[in-house]
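Asker: heads up, no residue letters with this:
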């Protein structure tokens, strides 16, 4: 595992740089997750095509540091990802982000312009208001979540997400959720549609129907559907997610 010091977050950020061919794909995980936990199975699938993959654990998550003073807002996390890409001196790469990580990836793509060959997002937050988990978390005060809400979430969570959630700082989870509920201006959908690079929306079959899918299809966005999977597609159907990324163009030499 690799590390660098993020001036934006004021902490050490860690990532995996898995060797392969062509321009790398940078993976950004969602709320309460970590790329080191979510994506090794995806990027080692034969359908991923032996592409170089960079799996970042955002501040507050996984192997990265968890500073108490940091905001954990999506915009600040996007600047951390941009810092890492500058640190790696990447002039050409692909971005993939899931859920909250999709929103962060959209903002990162806006920061890095023509260096981004393409952006793939799976079930991101396109609008303020959050999703089911983030709304539930942000409905509490930060202190309430730290004292009771975080442990209560862990106690009832039976999916693979629990293994990763317990390695996230509770204040990072609360602040990230609150950032999703608050939203940004312009909103993530508007930023997504204004990007000059090719963009792809990925959705789990079990998450349908969804208004964002229908709306963005009408606006000409390419949509890939992951069969037999819902929101947690990286462990529900990792091979199909690997194939969706290949079909989105990131395997083109």
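Answerer: Nice, I can see it. Since this is a predicted model, take the numbers as computed values, not measurements.

Asker: When you work out contacts or count neighbours from here on, use the C-alpha atoms and nothing else.
Answerer: Fine.

Asker: how about stretch 201-212: buried residues?
Answerer: Buried positions in stretch 201-212, judged by neighbour count with 16 or more other CA atoms under 10 Å: 201-205, 212.

Asker: and those residues, which two are the farthest apart?
Answerer: 205 and 212 (13.6 Å; CA to CA).

Asker: how about the helices in the stretch 1-150 of the chain?
Answerer: Using DSSP state H, counting those that start in this stretch, the helices of the stretch 1-150 of the chain run over residues 35-38, 40-43, 74-87, 100-112, 132-138, 142-144, 150-156.

Asker: Next SSE downstream of the strand or helix carrying residue 216?
Answerer: Element membership for residue 216 (DSSP states H and E) is helix 211-218. Downstream of helix 211-218, the first helix or strand assigned by DSSP H and E is strand 222-226.

Asker: Could you give the separation of the helix or strand following that next one from the chain centroid?
Answerer: The helix or strand immediately downstream of strand 222-226 is helix 233-236, counting by DSSP H and E. Relative to the centre of its chain, helix 233-236 is centred 13 Å away, using CA atoms, centre = their mean, to the nearest Å.

Asker: Also stretch 146-159?
Answerer: The chain centre lies 22 Å from the centre of stretch 146-159; the measure is CA atoms, centre = their mean.

Asker: What of stretch 223-230?
Answerer: 17 Å.

Asker: swap in stretch 176-191?
Answerer: That offset, for stretch 176-191, works out to 14 Å (CA atoms, centre = their mean).

Asker: Low-confidence ranges, the stretch 101-250 of the chain, go.
Answerer: 249-250 (pLDDT under 70).

Asker: what residue lies at the spatial centre of the protein?
Answerer: residue 101 (2.0 Å; CA atoms, centre = their mean).

Asker: So that residue versus residue 147, what's the distance?
Answerer: Per CA to CA, to the nearest Å, residue 101 is found 26 Å from residue 147.

Asker: So what's the residue count around residue 1?
Answerer: Residues near residue 1, counting by other CA atoms under 10 Å, number 11.

Asker: Quick check: closest non-adjacent residue to it.
Answerer: Of all residues not flanking residue 1 in the chain, residue 16 sits nearest, at 5.1 Å (CA to CA, 6 or more residues apart in numbering).

Asker: before we move on, what about residue 212?
Answerer: Per CA to CA, 6+ apart, closest to residue 212 is residue 126, 8.0 Å.

Asker: so who does that neighbour touch?
Answerer: 103, 187-189, 212 (CA atoms under 8 Å, 6 or more residues apart in numbering).
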